[in-house]
Structures are given as C-alpha cells and as structure tokens.
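In: Only the shape, not the letters, is given here:
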C-alpha cells in the first residue's frame, strides 16, 4: 500500500462510499450520514489550503484508506487541526495503515498546529479509540446526540 498526499481523480467519491457502506452495514447509518460526509468533504476540498493534509492509502484496488487533517476548519479555533474522514476499507484493516496515517497526521499537526488536534466520533468504535489513545488523544466530551443522523453517544477527543 502506498500513501499519497493529495486527492486523486474519483477519491472524493470513494471516501464517501467507504464511509457510507461501512457505517450503514455496521451501525445502521443512512442517507443522512452519507450526504453529510459528501457535503462536508466537498466543502473541505473547495477550501483546501497548502497547510492542510490529505492522506490516502492506495493499493491495487484503488483508494483503500483516508485521513484528512483540516487546519483551516472555521469551527476549530484554538482547538487546532480537525482530524476528519479517517477510514480504512475492510481489505486493509489490521495491516497497520491506520497507525501509519495517524502517525503522519500527528507529525503534521506537531509541525503546523502546535500538536493540537481534535476529532468527533461516537462510542463503540473501540479499535479507533485505542489508536487515538496511543497517540495522546483524550476524551474531552461525551453526550447523546444526532449529528450523525441517528442517536449515538457522540464523543470529542483532543490532543
């Protein structure tokens, strides 16, 4: 698997499809969630700046993983870089690609955002939570909410 630091033709759609398929199958999320990913990812791509970081894991099947570090998210303020759209296709889970992407993202945040990173997720994603903890993220807040299109225990992590 090679890692590229730019969007490739079709990669926006692939990132949306990876999220849509995974979260529908494993968590029952629907069209609301997939549309949210598509809308927010398109907004990011339209305002992308040189200090943002796009990481795509690419194999013979195409884009298989993504992690984006949004250093210019208007919602971030002093929280630092916003870690977004972190996902790996089933075919590459357990290969270390997530750890590799996260390591690169943390190094980028160390260099460009004083190491500050935040992300939102929801309770129940134990492998991801373990990975976040191993990179120094701590749970900042947790509340029941519907930002994902269904009721979940929304969580915010910060580093």
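Out: Yep, it's here. In this text, all values refer to a predicted model and were calculated from it rather than measured experimentally.
In: My understanding was that residue 123 contacts residue 142; is that so?
Out: Yes: contact criterion Cβ atoms under 8 Å: residue 123 and residue 142 qualify, at 6.9 Å. For the C-beta atoms, the positions are set from N, CA and C on the backbone; glycine is no exception.
In: okay, and the common contacts of these two?
Out: Counting by Cβ atoms under 8 Å, 6 or more residues apart in numbering, the contacts common to residue 123 and residue 142 are 153, 155.
In: so how far is residue 91 from the residue of the chain most remote from its centre?
Out: Going by Cα atoms, centre = their mean, the residue of the chain most distant from its centre is residue 60, 22.0 Å out. According to Cβ to Cβ, to the nearest Å, residue 60 stands 10 Å off from residue 91.
In: cool, and residue 69?
Out: 24 Å.
In: Who has more neighbours out of the two?
Out: Applying other Cβ atoms under 10 Å to residue 69 and residue 91 shows that residue 69 carries more neighbours, namely 27 against 13.
In: Please name the nearest non-neighbouring residue to that one.
Out: residue 53 (3.9 Å; Cβ to Cβ, 6 or more residues apart in numbering).
In: Residue 106 is in contact with the one you found, correct?
Out: No: using Cβ under 8 Å, residue 53 makes no contact with residue 106, being 10.4 Å away.
In: Quick one: the strands in this structure, in order.
Out: Applying DSSP state E to the chain gives strands spanning 2-4, 53-59, 62-70, 81-88, 117-122, 138-145, 152-158.
In: Select, out of those strands, the one closest to residue 20.
Out: Proximity to residue 20 (Cβ to Cβ) singles out strand 81-88 among the strands of the chain, at 10.3 Å.
In: quick check: angle from the closest one to strand 152-158?
Out: 120 degrees (axes from the mean of the first three to the mean of the last three Cα atoms, to 10 degrees).
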